[in-house]
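**Student:** for reference, the sequence and a predicted model appear below.
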Amino acid sequence: MSRDVVVSVEGLTLELQGLQPALVEDVSFDVASGETVALIGESGCGKTVTAQAVLGLLPPQVRAASGRIVFQGTPLTRELAARLRGREIGAVFQNPMTSLDPTMKVGDQIAESRRVHLNESRRVARRHAVELLELVGVTEPQKRARQFPHQFSGGMQQRAMIAAAIACEPKLLIADEPTTALDVTVQAEILILLDRLKIEVGMGMLLVTHDLGVVAAAAARVAVMYAGHVVEQGRTEEIFENPAHPYTQGLLASVPADAEPRSRLRVIGGRVPSAGDFPVGCRFQTRCPHAEAACARGLVPVQALETTHEVRCILHEKSGAVNTHA
Ligand SMILES: Nc1ncnc2c1ncn2[C@@H]1O[C@H](COP(=O)(O)OP(=O)(O)OP(=O)(O)O)[C@@H](O)[C@H]1O
């Protein structure tokens, strides 16, 4: 079945104040309709800044130096992203209170999005807001719509933020650590909810997480980031069953086989270098058990292992895998 690509990130390089090495370098992946793609990696690997680029919300010090982001066939500029945000592109973050206005009733916040983007009347937008609260599993939605965010529990605030994010039925939902702040049971409920909405609303989802359990539960495809590079990407089964990059292998090995499904990533020896200290060539070389001189010779090309599975590692260059990217 061919994939209906909603957004493709093509060779994206992001620089912090024009400095080298780039914060994010030559990052490519795409997200199709009805599909969840997880961006995964330890803290500081560039997941959030990549998601911010897709939203057109890069911090002022960070700029796209090369590459492009194509949304439904059109290259995304900052201006276009600003027009699409809240309508064609929704976003959900870790802390709902960064998105919800504490001074405004929850229902009004959700309705506002439909009034602004879809020109609905106040009355119609309010009715839709109640329906959306019901859709995301908020009980007594009529009553809840008239309450303020602080009257909601953390899990309910998260549901309200999701309702606001999907209010205009976006084609793409960006969810950055959407369940990290929640307890395990609520996490699972939110993941199930997002999965259901993805199908019902017909959207693609870019899920930023450092939680392998979340990936296994929610994503069809995974892009593994390390220090601003996508070091490996593929279907979730390929990544879990046949990890090809030593970094991915390390991440997976760090989770005991009998671990609870929300195991965290942080057990590989050493830590992610900070942005100014990325080494030339493979950025994982300082922690890699297989590192050799060739790893420091420059950007390692991407090798295709399968049509859906690729890796950026010289071990696979040697094994003769086909180079897909120049
Ligand atoms: N506005 C900024 N100014 C300076 N450095 C930044 C800025 N935004 C991001 N960075 C740097 O970019 C790198 C990637 O950060 P990013 O937040 O994207 O990582 P992440 O993988 O999402 O981590 P986390 O899981 O902790 O959110 C880090 O080294 C971070 O310090």
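**Tutor:** Received, thanks.
**Student:** quick one, phi/psi of Leu206?
**Tutor:** phi -100, psi 110 (degrees, to the nearest 10).
**Student:** i'd like the first residue to be 52 from this point on
**Tutor:** Fine by me, first position is 52 from now on; the one you just mentioned is Leu257.
**Student:** residues touching it, list them.
**Tutor:** Val58, Val82, Thr87, Val88, Leu90, Ala102, Val105, Leu223, Leu224, Ile225, Ala226 (Cβ atoms under 8 Å, 6 or more residues apart in numbering). C-betas here are computed from N, CA, C, even on glycine.
**Student:** highest neighbour count among those residues?
**Tutor:** Of all the contacts of Leu257, the highest neighbour tally under other Cβ atoms under 10 Å goes to Leu90, namely 30 neighbours.
**Student:** each with direction, which strands does the helix or strand hosting Glu361 pair with?
**Tutor:** Using DSSP states H and E, Glu361 sits within strand 360-362. The strands beside strand 360-362 in its sheet (DSSP bridges) come out as strand 280-286 (antiparallel), strand 354-357 (antiparallel).
**Student:** just the ones of the contacts of Leu257 in strands?
**Tutor:** Val58, Val82, Thr87, Val88, Leu90, Leu223, Leu224, Ile225, Ala226 (DSSP state E).
**Student:** columns distance to Leu67 and pLDDT on top of those, output as JSON lines?
**Tutor:** Listed next are these as JSON lines, based on distance: Cβ to Cβ, whole Å; pLDDT from 0 to 100:
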{"residue": "Val58", "distance to Leu67": "23", "pLDDT": "98"}
{"residue": "Val82", "distance to Leu67": "25", "pLDDT": "97"}
{"residue": "Thr87", "distance to Leu67": "29", "pLDDT": "96"}
{"residue": "Val88", "distance to Leu67": "25", "pLDDT": "97"}
{"residue": "Leu90", "distance to Leu67": "19", "pLDDT": "97"}
{"residue": "Leu223", "distance to Leu67": "25", "pLDDT": "97"}
{"residue": "Leu224", "distance to Leu67": "27", "pLDDT": "96"}
{"residue": "Ile225", "distance to Leu67": "21", "pLDDT": "96"}
{"residue": "Ala226", "distance to Leu67": "24", "pLDDT": "94"}
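**Student:** of those, which is the nearest to Ser117?
**Tutor:** Val58 (17.7 Å; Cβ to Cβ).
**Student:** partner residues bridging the closest one?
**Tutor:** Val82, Phe122.
**Student:** that one contacts Phe122, doesn't it?
**Tutor:** Yes - applying Cβ atoms under 8 Å, one finds Val58 in contact with Phe122, separated by 5.0 Å.
**Student:** who touches both of these two?
**Tutor:** Common neighbours of Val58 and Phe122 (Cβ under 8 Å, 6+ apart) are Leu223.
**Student:** what stretches of the chain score poorly on pLDDT?
**Tutor:** Scanning the chain for pLDDT under 70 picks out 52, 306-318, 371-377.
**Student:** how does it divide into domains?
**Tutor:** 56-139+224-323, 148-218 (automatic domain parsing).
**Student:** report whether the last one contacts the ligand.
**Tutor:** Just to be clear, that refers to domain 148-218. No - using Cβ under 6 Å from any ligand atom, domain 148-218 stays clear of the ligand, with a minimum separation of 13.2 Å.
**Student:** re earlier: looking at the domains of the chain, which is nearest to Ala347?
**Tutor:** Closest among the domains of the chain, once you apply Cβ to Cβ, is domain 56-139+224-323, at 12.5 Å.
**Student:** count of neighbours near Pro221?
**Tutor:** 24.
**Student:** for the closest residue to it other than its chain neighbours, which residues are in contact?
**Tutor:** Nearest residue to Pro221 in three dimensions, chain neighbours excluded: Gly141, at 3.9 Å (Cβ to Cβ, 6 or more residues apart in numbering). Contacts of Gly141 were listed using Cβ under 8 Å, 6+ apart, and they are Ala216, Ile217, Ala218, Cys219, Pro221, Leu223, Leu224, Ile225, Met254.
**Student:** what does the closest residue to the ligand within the stretch 152-301 of the chain show for phi and psi?
**Tutor:** When distances are taken as Cβ to the nearest ligand atom, the stretch 152-301 of the chain reaches nearest to the ligand at His261, 5.3 Å away. Dihedral angles of His261 (phi, psi; degrees, to the nearest 10) stand at phi -120, psi 30.
**Student:** mind checking the SS state of Leu233?
**Tutor:** Following DSSP: H, G, I helix; E, B strand; the rest coil, Leu233 is assigned to coil.
**Student:** pretty sure it is touching Gln208, no?
**Tutor:** No - checked against Cβ under 8 Å, the pair Leu233 and Gln208 is beyond contact range at 9.7 Å.
**Student:** now tabulate the strands paired with strand 360-362 in a markdown table and tack on distance to the ligand.
**Tutor:** Putting the strands paired with strand 360-362 into a markdown table (distance: least, Cβ to the nearest ligand atom, whole Å) gives the following:
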| stretch | distance to the ligand |
| --- | --- |
| strand 280-286 | 12 |
| strand 354-357 | 23 |
